[in-house]
Every structure is written in structure tokens, then in C-alpha cells.
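J.: No sequence on hand, only this structure:
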């Protein structure tokens, strides 16, 4: 998010910590992830996650609210995320039927740090949602921890900071 | 049709024993009258006292149409002050919470303290000697009641006493408070799910008939889990609490309060709940502390009940599972729902963290339960507009009600006693002279 980018080491912004080719791969990866979320391709989206421990975190009230002492909108490990995807796909979960139509634009993709094959990356999105005649516009910033494998990037953790995470919000019935 | 009935203001005719007229969910004029006759007259939940623990702590709340500042004054008292400068009416506080010893209006600089007293007027001499600051304090909410940390308010100077308002619901409030071994709860400032749905505020309430349909997807998933005794749909691997053959009951109290009463259904599950808790050191300590505090018999039932009274206090408070829920009507077809997770004092951090995860699993805008509830309220709101046949049926189980010793009325879990209790209180308040 902006705060993370503002606080990043000047070197990460001036020269950049990735070569241009890796930066392009990274931006394509995030565009691909966005497309899978827009199109409700839940199983294919799940394959973008790394093996081992993962965290999918959408904080509530404050971008940095500690999940041990405060609440989260989403705070999923692999098993909770698995149940979430089961419900997203379940026809009896009527909040998701009909599915929302979604389009999101991802930009501001800034690698913040690199350590071994792990990257920390910030990005920003604007998301339009239309469902049952109602249009909502969502804004958010993400910080990913990605593993840069030869076969592609994989997500170890993803934190999504919604601009309205301390406001009364309608149903969030899709992936962000 | 709807408009004619609404403008006649014959609210008695809109609520019958077994049915209500759908205009009470859709009509703008009725909504405005609800604000005056219910929200500005009855008792309302304001906040939990732990949200403003220290001198100068404040929080903005909404009581009916009134913006209100809840403060903790220098004597340790909770004050509820209408957030409106006595000079030209601007709000004197804009931050949703914080700590301040003074509230200064940025229009002309009038300044108030934590009791609401006017302590500074810019150029006071121009008002002359007859100007009395003490007559221009922030308007105080006239009546405040506090039951075990739950602070309620009445905007009416006179009316039903707080004690009468609570009536026989006190043991249910005790259930949530006494799930802490020290009998103390903490609601952390700023830790709250804030959600909204495009539907009427009376939609969200106690309904034991809906879970099998609205929450079908959750039943499917939770029934696969090994352990769900602390979850929103209860211990499914043991039995279904929403089956009419279970010991669960719907219960209606005086003054519109109502609950889904799982006490008898859950009581036999105490041993199982304790066994699960005792798998961790923190859980073992919790069980031991509960027994030390309340004795074995009481501790066992409190643990079996999970601190979940599943109680609706008419019109704006619900105590469900691990949270305090505040219903904020915005318009006939828009409602905000604030869900504050409750932290137990006197327990290890892991116990509260586990409660948070259980809460998040079901409640909140992206959880497994709340979105399906909000969705069905919105579908209802859209459907109600087609009022060629305007009556909504609330008659389920009228033939099998039974009156219990505390004066409450109970029947099977899927019966619509809760809705009938709420609507009869609605009628009483809306037709009161």
C-alpha cells in the first residue's frame, strides 16, 4: 500500500530491485490473478498459492489491526480458505447467486524487497461490482509475499487493505 | 393501498396476532414515526462501558436520529451528550472515538467538557450578563441504565423504568457476562464488523426457522468438521439445534425481547465442550477458573452455553454467540449492523483469539453466515414492494405456545414466537398515546 511504498528503501523505488523482465512477469502474474478473481475461477485461483503455510488476510477497521487482538474481514489459513472456496462454488450459498459481474484494474505494482526467492510486492486495485442492479466500487491496496519459482510466481501470503474497511459495507461475495 | 393505511396512522390495524402489514417495512412515513415513537421513547442499547474505560475516552454513537457522544467524565461516570453545539447546531465532535478533555465547536469556538458543560464561549461579554453558560450545556440524554456493563439510554425523560425494561432477560445477559471467570467483558474500542443491507431494520432478528435454508451451505461445511461445539450453528456432530424435535426453544419476553433459547439443548453437551477445551493448557486453565469462580454445576452449564444467550433486546441490541450486535436503522430500506466481538477478561489470550476466529467464520461481510442473511433481507425488501397481498404471516406454532414461570412464552425452535413478541411491542409503542 501507499504506506509500504512510502516507507520502502529509496533503492527499491529509484533503481528498482527487479530487472525489467521480472517486473513484467510480476505484473502479468497479478493481472492473471485479477482475471481469475473477476471470472470466479476459484480452483484455478487456488493453484496460484504456494505449498505449505499460507495466509489470506483482509484486515478490518485498521490496515494493521492485529488478528490476535482484533477482528478481520478475512483471516484464512489453508483450511479456512478451502472452506471459503467450497462456499463460493456452492449453489446453495445464495448470497453468491447470481454471481457478481466484476472488473478490476491493478496498478502501482512495486516490489518492496527481495530475499532469496521471496519477494514482497505492493499493488493497488479499483474494482467495479454489479449484482442485482446495484453497482459498488471497491478500492484497495495489497501486499503480497510471493515465491519466484522457475515455473512462475506463487503466493505465500496476501494482505488486502480495503479503503472502506472501517465503514459499513455491503456483502463482499467475491475474491479480492 | 399501502399509502392509505400509512397515512391513516392506524398502526393497531397493521399488526395483528398472526400477521403484519408489509407497509411497516417499506413506508417512509412509518419509518419516521418509528424513530419518534420507538427509538426516541423506549430504551436503547448505547454501548458497553469497557469501550470508554478512562477519563476523557469518548465514542460517537447513533440513538435514533440523534448523533450522540458517549464520554467518560472525570468522576468515572458514562455521559451521553447530544453532538450538537448549543450555539448554531454544528457537531462538536467528528472523530469516531478517542480521548479528549474538551469538545470544541469549530464554527465559533464554543467549548464543552466531558460532562457536556459549556466551559468556553468566544467573546462571551457580547452576550451580556443574562447569558448563563450552565443553561447551554450539551444536551444530555436524560436517562441512562447500566446492567453489568451494558449501557442503555432513553431519550424520554419519563417512561418505563430500566429495570422493568430488562424484565426477565437478566439471566440471559448474565450468561454472556459470566462466561468470563471474573464476570467481566471487554469490548475493544474500534474493533467491530460494520455491515449494511438494503432492507428494513426489523428484518434482522431472532429466527429459528431460517437456518436450514438461508445457511444451508454452512450446514454442509460445518457438518464435515470434527468439532463445531463453539460455532455459530452449534455442535452439529452431536445433533441439529434447529430441529423441532430438539430441546431448543424460541422464547418471547415482555417488551419485545426474544431469544432462541438453546440452554436445554446445549446443557447435555457440557462434558464434550470441556473435553475439547481441556486439549490445550489455556483451555484447561479456563475450565479450572470457571469452576473456581462459579462452582462445578454452574461452570458446566456456562461452558455448555458458550456465553451465547441468542437474545434480542428490542429494538436495537442482539447478543449472539461471541458478539454484541447493534442494529442502526438508516431508512425504511437501509440498515447498518455493527457487530462487536466480546473479549472475556481473566482468560488466556488464546481463548479470546479462538473466539475471534469462530466469530469471523460466520459473521461479517465476507463470512459464511452474514452475507446470506443480508441477501435474504434484500430479497425480502424487494419482494415486499409487490403488496397486492400485503400481509406477512407470523403464525407458525401459535397452537403450541406455552407460558413459562418467568412469564415468557416458548415453543419449538422454528416457531415464530420471537417475531410475534417483537411485533406486539412495536404495536404497543406505535399506538401509545
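T.: Happy to help now that I have it. It should be emphasised that the depicted structure is a prediction, and the values quoted were computed from it without experimental measurement.
J.: quick one, strands of chain A?
T.: Under the criterion DSSP state E, strands of chain A are mapped to A:55-59, A:72-76, A:101-115, A:118-131, A:134-149, A:152-162.
J.: Within its sheet, name the partner strands of the longest one and how each one runs.
T.: In its sheet, strand A:134-149 lies beside strand A:118-131 (antiparallel), strand A:152-162 (antiparallel), with partners assigned from DSSP bridges.
J.: likewise the first one?
T.: Under the criterion DSSP bridges, strand A:55-59 sits next to strand A:72-76 (antiparallel), strand A:152-162 (parallel) in its sheet.
J.: and the residue lying closest to residue B:206 once chain neighbours are set aside, how many neighbours?
T.: Using Cβ to Cβ, 6 or more residues apart in numbering or on different chains and skipping residues adjacent in sequence, the residue nearest residue B:206 is residue B:418, 4.0 Å away. The way it works is simple: take the backbone N, C-alpha and C, and place the C-beta from them, glycine included. By the criterion of other Cβ atoms under 10 Å in any protein chain shown, residue B:418 has 28 neighbours.
J.: Go through the host helix or strand of residue B:418 and flag the buried ones.
T.: Using DSSP states H and E, residue B:418 falls within helix B:417-431. For helix B:417-431, a neighbour-count test (16 or more other Cβ atoms under 10 Å in any protein chain shown) marks B:417-430 as buried.
J.: In TSV: these, plus distance to residue B:29 and pLDDT.
T.: As requested, these are exported to TSV (distance: Cβ to Cβ, whole Å; pLDDT from 0 to 100):
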residue	distance to residue B:29	pLDDT
B:417	29	97
B:418	26	97
B:419	23	97
B:420	24	97
B:421	25	97
B:422	21	97
B:423	18	97
B:424	22	97
B:425	20	97
B:426	15	98
B:427	17	97
B:428	19	96
B:429	16	97
B:430	12	96
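J.: if we take the residues you listed, which one ends up nearest to chain A?
T.: residue B:419 (21.1 Å; Cβ to the nearest Cβ).
J.: Contacts only, for the spatially closest residue to the closest one that is not a sequence neighbour.
T.: In this structure, residue B:419 finds its nearest non-sequential neighbour in residue B:394, 4.6 Å apart by Cβ to Cβ, 6+ apart. Going by Cβ atoms under 8 Å, 6 or more residues apart in numbering or on different chains, residue B:394 touches B:18-20, B:416, B:419-420, B:423.
J.: OK, contacts around the residue nearest the centre of chain B?
T.: The residue lying closest to the centre of chain B (Cα atoms, centre = their mean) is residue B:317, at 1.5 Å. Counting by Cβ under 8 Å, 6+ apart, residue B:317 makes contact with B:44-45, B:150, B:324-327.
J.: Most neighbours among those residues, which one?
T.: residue B:44 (26 neighbours).
J.: so that one sits in a strand?
T.: Yes: per DSSP: H, G, I helix; E, B strand; the rest coil, residue B:44 lies within a strand segment.
J.: I figured it was touching residue B:314, is that so?
T.: No: applying Cβ atoms under 8 Å as the test, residue B:44 and residue B:314 come out as separate, 9.6 Å apart.
J.: And the residue of the stretch 1-150 of chain B closest to chain A?
T.: residue B:96 (8.1 Å).
J.: so what's that residue closest to, chain neighbours aside?
T.: Per Cβ to Cβ, 6+ apart, closest to residue B:96 is residue B:60, 5.2 Å.
J.: Next: residue B:355.
T.: Using Cβ to Cβ, 6+ apart, the closest residue to residue B:355 is residue B:322 (4.6 Å).
J.: I'd say that neighbour and residue B:361 touch.
T.: No: if you go by Cβ under 8 Å, residue B:322 and residue B:361 don't touch, sitting 10.2 Å apart.
J.: and stretch B:286-297, how far out from the chain's middle?
T.: From the chain centre to the centre of stretch B:286-297 is a distance of 28 Å (Cα atoms, centre = their mean, to the nearest Å).
J.: Can you give the contact residues for stretch A:27-42?
T.: A:44-45, A:48, A:85, A:88-89, A:99, A:102-104, A:106, A:109, A:121, A:123, A:125, A:144, A:146, A:152-153, A:155, A:174-176.
J.: in it, what counts as buried?
T.: A:29-30, A:33-38, A:40, A:42.
J.: From those, which land in helices?
T.: Among the buried residues of stretch A:27-42, the residues falling in helices (DSSP state H) are A:29-30, A:33-38, A:42.
J.: Of these, just say which sits nearest to residue B:64.
T.: Closest approach between those and residue B:64, by Cβ to Cβ: residue A:37, at 40.4 Å.
J.: Give me the pLDDT value at the closest one.
T.: If you check residue A:37, the pLDDT there is 98.
J.: show me where the stretch 101-250 of chain B has helices.
T.: B:162-166, B:170-177, B:211-214, B:216-222 (DSSP state H, counting those that start in this stretch).
J.: which residues does the closest residue to residue B:328 other than its chain neighbours contact?
T.: Leaving aside its chain neighbours, residue B:328 sits nearest to residue B:336 (4.1 Å; criterion: Cβ to Cβ, 6+ apart). Listed by Cβ under 8 Å, 6+ apart, the contact partners of residue B:336 are A:168, B:194-196, B:327-328, B:330.
J.: out of those, who has the most neighbours?
T.: Top of these by neighbour count (other Cβ under 10 Å): residue B:195, with 28 neighbours.
J.: Kindly state the pLDDT recorded for it?
T.: So, for residue B:195, pLDDT stands at 98.
J.: what's the spacing between it and residue A:173?
T.: 12 Å (Cβ to Cβ, to the nearest Å).
J.: Packing partners of the helix or strand bottoming out on mean pLDDT in chain A?
T.: The helix or strand of chain A with the poorest confidence is helix A:10-11; it has a mean of 72 (mean pLDDT, DSSP states H and E). Counting contacts by 3 or more Cβ pairs under 8 Å, 6 or more residues apart in numbering or on different chains; DSSP states H and E, helix A:10-11 packs against no other helix or strand.
J.: I'd like the distance from it to the chain centre, please.
T.: 25 Å.
J.: Give me the contacts around it.
T.: residue A:17.
J.: Stretch B:156-164 too?
T.: For stretch B:156-164, using Cβ under 8 Å, 6+ apart, the contacting residues are B:40-43, B:142-143, B:145, B:147, B:152, B:154, B:255.
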